[in-house]
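Novice: I'd like to go over a predicted model; first the sequence, then the structure.
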Amino acid sequence: MSWVGRIVDAVEWEPRDIDIAWDVIEERLGTPLPADYKELCRCFGVGEFSGYLHVYGSPGGTDSQLVDRSAALWRVLEEHSAAEDVFGPYGVYRPGGKGLIRWGMSVTAAEFCWAADAKAPPEDWPVVAREEAGDWQLLPMSASECLFRVLTDVTFEDFTVADMVDPPFFTPYEA
């Protein structure tokens with residue numbers, strides 16, 4: 001069973017099959033995205049897990065919160081390049097390069113990113129996460145495994161909500 005399938009079971013969700021124009025989204029971002037993330041978006045769309053973690057998804061078509069937020073960050077960094085220091089030592093991903101691509105944010109300002117590299121297959125990108133203003137932690141796993149562990153694994157120190165929210169749940173946002 002895939003990690004997305006495990007999330008579906010954990011939150012007792014009826015998977016959607018959202019039509020998402022990944023070719024357009026990936027062109028806007030400047031890189032392909034991991035298959036498990038695309039599966040997660042097709043299945044859930046846009047919403048929040050356990051009242052804690054918002055995954056930057058897609059409601060369908062060419063809309064993508066991940067790309068919109070990345071583009072907004074790129075615009076901020078064009079005007080305030082020193083702001084990139086908060087993403088050290090990874091930096092912020094830009095098309096064709098390498099750096100962090102944020103795929104989720106918690107209500108406590110924990111950030112969940114990929115350490116992306118345009119020259120590496122997206123399935124090889126590890127997750128990098130941190131609590132608000134903390135140090136980045138390298139988590140050698142996919143985004144969907146990370147999300148599953150946040151929701152269900154009480155030993156997933158620093159990021160789990162499994163000890164506070166049982167059972168886990170998903171709340172979809174209106175498109």
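Specialist: Sure, I can see it.
Novice: tell me where this structure has helices.
Specialist: 3-11, 22-29, 35-44, 65-79, 143-152 (DSSP state H).
Novice: in a markdown table: the ones you listed, plus distance to residue 93 and mean neighbour count.
Specialist: All C-beta atoms are positioned from the backbone trio N, CA, C, and that covers glycine. Rendered in a markdown table, the data for the helices of the chain read as follows (distance: least, C-beta to C-beta, whole Å; neighbours: other C-beta atoms under 10 Å):
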| stretch | distance to residue 93 | mean neighbour count |
| --- | --- | --- |
| helix 3-11 | 22 | 19 |
| helix 22-29 | 8 | 16 |
| helix 35-44 | 14 | 21 |
| helix 65-79 | 7 | 15 |
| helix 143-152 | 14 | 24 |
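Novice: please name whichever of those helices is nearest to residue 172.
Specialist: Residue 172 sits nearest to helix 35-44 of all the helices of the chain, at 7.1 Å, using C-beta to C-beta.
Novice: give me the helices and strands touching that closest one, please.
Specialist: Here helix 35-44 is seen to pack against helix 3-11, strand 53-55, helix 143-152 when contacts are counted using 3 or more C-beta pairs under 8 Å, 6 or more residues apart in numbering; DSSP states H and E.
Novice: how distant is the shortest one from the center of its chain?
Specialist: Its chain's C-alpha centre and that of strand 53-55 lie 7 Å apart, by C-alpha atoms, centre = their mean, to the nearest Å.
Novice: what's in contact with it?
Specialist: Contacts with strand 53-55, where a contact means C-beta atoms under 8 Å, 6 or more residues apart in numbering, come from 40-41, 44, 47-49, 103-107, 110, 112, 143, 147, 150-151, 161.
Novice: in stretch 14-23, what counts as buried?
Specialist: The neighbour-count check on stretch 14-23 (16 or more other C-beta atoms under 10 Å) flags 18, 20, 22 as buried.
Novice: which of those sits closest to residue 70?
Specialist: Closest to residue 70, out of all of those and judged by C-beta to C-beta, is residue 22, at 15.0 Å.
Novice: can you get me the start-to-end distance on stretch 87-107?
Specialist: Chord length of stretch 87-107, first to last residue, is 19 Å (C-alpha to C-alpha, to the nearest Å).
Novice: what's the answer for stretch 28-40, then?
Specialist: Start and end residues of stretch 28-40 are separated by 19 Å (C-alpha to C-alpha).
Novice: contacts only, for the most centrally placed residue in the chain.
Specialist: In the chain, the centroid-proximal residue (C-alpha atoms, centre = their mean) is residue 103; its distance is 2.2 Å. If you count contacts by C-beta under 8 Å, 6+ apart, residue 103 has them with 37, 55, 56, 66, 112, 113, 114, 143.
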